[in-house]
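Asker: I would like to see how this sequence folds:
(2 chains)
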Amino acid sequence: MAGTRDRLVAVAALTVVWMLLWGSFSWLTLFGGLLVSVLVLAVFPLPRVTFAGRLRPVGLLRFAVRFVVDLWVASFQLAWTALAGRRAPRSAVLALRLAVRSDLNLTMCAEAVSLVPGSLIVDLDRAAGVLYVHVFDVAGPADVARFRREVRGIERRIIGAVGSDAEIAVVEIAAAQIGDEGGSR
Amino acid sequence: MGVAAVLDAVAGFCLLGGALLSLAAGVGLLRFPDLLSRMHAATKPQVLGLLLILTGTAIRIGTVVDITTLVLVGVFQLITAPVAAHMVGRAAYRAGLVRRELLLTDELAAARGREP
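Answerer: All right, here's what the predicted structure looks like:
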């Protein structure tokens, strides 16, 4: 049953947090963590987040490496603009439609997009799977197009890391369609 | 040069780099023109700066009990900083505190205009 599996994942994650807080592995922290996690989930039940995919080590590594690189690049760009920028930087608010509309994918993309390439989520449309993103330091349409490609890349890497086979297929089809459009223009 | 000296050098680099990035984030908060731009400064350089400082601290302390806590601080910073920035940004946008002359395009305004 999907609900049981979600709850087990949540209990495991909370137990890990509990054990990290204690900083030591022992049977006491393990069972204490399990007990506290079950209690927390019983008292504060979470909204259903369905995790349909599975963890893929290669995809996870690819996402993690790229994420760290992006975080460094974004941080130094912003630091440089903050310290040395002379003009007021221009921005844009863009609507970005994700290929996979699951809540989990929406959340993870929103988190990753806010942390990496000069962007901030202003609003999102959960039903349509659209992120409204504030992009910092946009000079013109070329930057806008580049940013759209970057976000698609992030979604692709996230789905490649934790998506199901069906979700990967959806993302690949979307990427292929966009590639065709780009070629015909 | 021994291992300890190298570790000290790495820790020193992390602590200094983290401090400088946090400083840059603070300068950005003051210098950027509007609220949404300022939230950028409050998320990226600040998060990386904190992660660097945590790494430097972890190398200097070097005990498992403390490092696990530092890992948790880092993880929760990564999870919560974008959410906080989003909540502030969303509230500002809805309250009309966005300087439109700085925006190249605003596709959210178009989408909201279509809604009744």
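
Asker: would residue A:92 count as being in a helix?
Answerer: No: looking at residue A:92 with DSSP: H, G, I helix; E, B strand; the rest coil, it is strand, so not inside a helix.

Asker: dig out what it forms beta bridges with.
Answerer: residue A:135 (DSSP bridges).

Asker: helices of chain A, start to end?
Answerer: Remark: helices assigned in chain A by DSSP state H are A:2-22, A:27-43, A:57-84, A:103-115, A:141-162, A:165-184.

Asker: show me where chain B has its strands.
Answerer: B:103-106 (DSSP state E).

Asker: where does pLDDT dip in it?
Answerer: The model of chain B has pLDDT under 70 over residues B:1, B:101-102, B:104, B:110-116.

Asker: tell me if the top helix by length along it is near chain A.
Answerer: The longest helix of chain B (DSSP H) is helix B:64-94. Yes: judged by CB under 8 Å from any CB of the partner chain, helix B:64-94 comes into contact with chain A through B:64-69, B:71-72, B:78-79, B:81-83, B:85-86, B:89-90, B:93. Yep, even glycine has a C-beta here, placed from its N, CA and C like the rest.

Asker: so what angle separates the directions of that helix and helix A:57-84?
Answerer: For helix B:64-94 against helix A:57-84, the angle by axes from the mean of the first three to the mean of the last three CA atoms, to 10 degrees is 60 degrees.

Asker: who are the packing partners of helix B:64-94?
Answerer: On a contact count with 3 or more CB pairs under 8 Å, 6 or more residues apart in numbering or on different chains; DSSP states H and E, helix B:64-94 meets helix A:2-22, helix A:103-115, strand A:119-125, helix B:35-61.

Asker: strand partners of the third one, parallel vs antiparallel please.
Answerer: Just to be clear, that refers to strand A:119-125. Here, using DSSP bridges, strand A:119-125 pairs with strand A:130-136 (antiparallel).

Asker: how about the strand it pairs with as PDB, C-alpha atoms only?
Answerer: What follows is strand A:130-136, C-alpha atoms only, in PDB (Å, rounded to 0.1, in the frame of the first residue of the first chain):
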ATOM      1  CA  VAL A 130       3.700  26.200 -13.100                       C
ATOM      2  CA  LEU A 131       6.400  28.000 -11.100                       C
ATOM      3  CA  TYR A 132       6.500  31.800 -11.200                       C
ATOM      4  CA  VAL A 133      10.200  32.600 -10.800                       C
ATOM      5  CA  HIS A 134      11.800  35.900 -10.200                       C
ATOM      6  CA  VAL A 135      15.100  35.900 -12.100                       C
ATOM      7  CA  PHE A 136      17.800  38.300 -11.000                       C
END
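
Asker: contacts made by it with the rest, please.
Answerer: Strand A:130-136 has contacts (CB atoms under 8 Å, 6 or more residues apart in numbering or on different chains) with A:78, A:81, A:89, A:91-98, A:106, A:109-110, A:113, A:118-125, A:143-144, A:147, A:151, B:36-37, B:39-40, B:89, B:107-108, B:111.

Asker: what about that strand, average pLDDT?
Answerer: For strand A:130-136, mean pLDDT is 81.

Asker: no further queries at this time; thank you.
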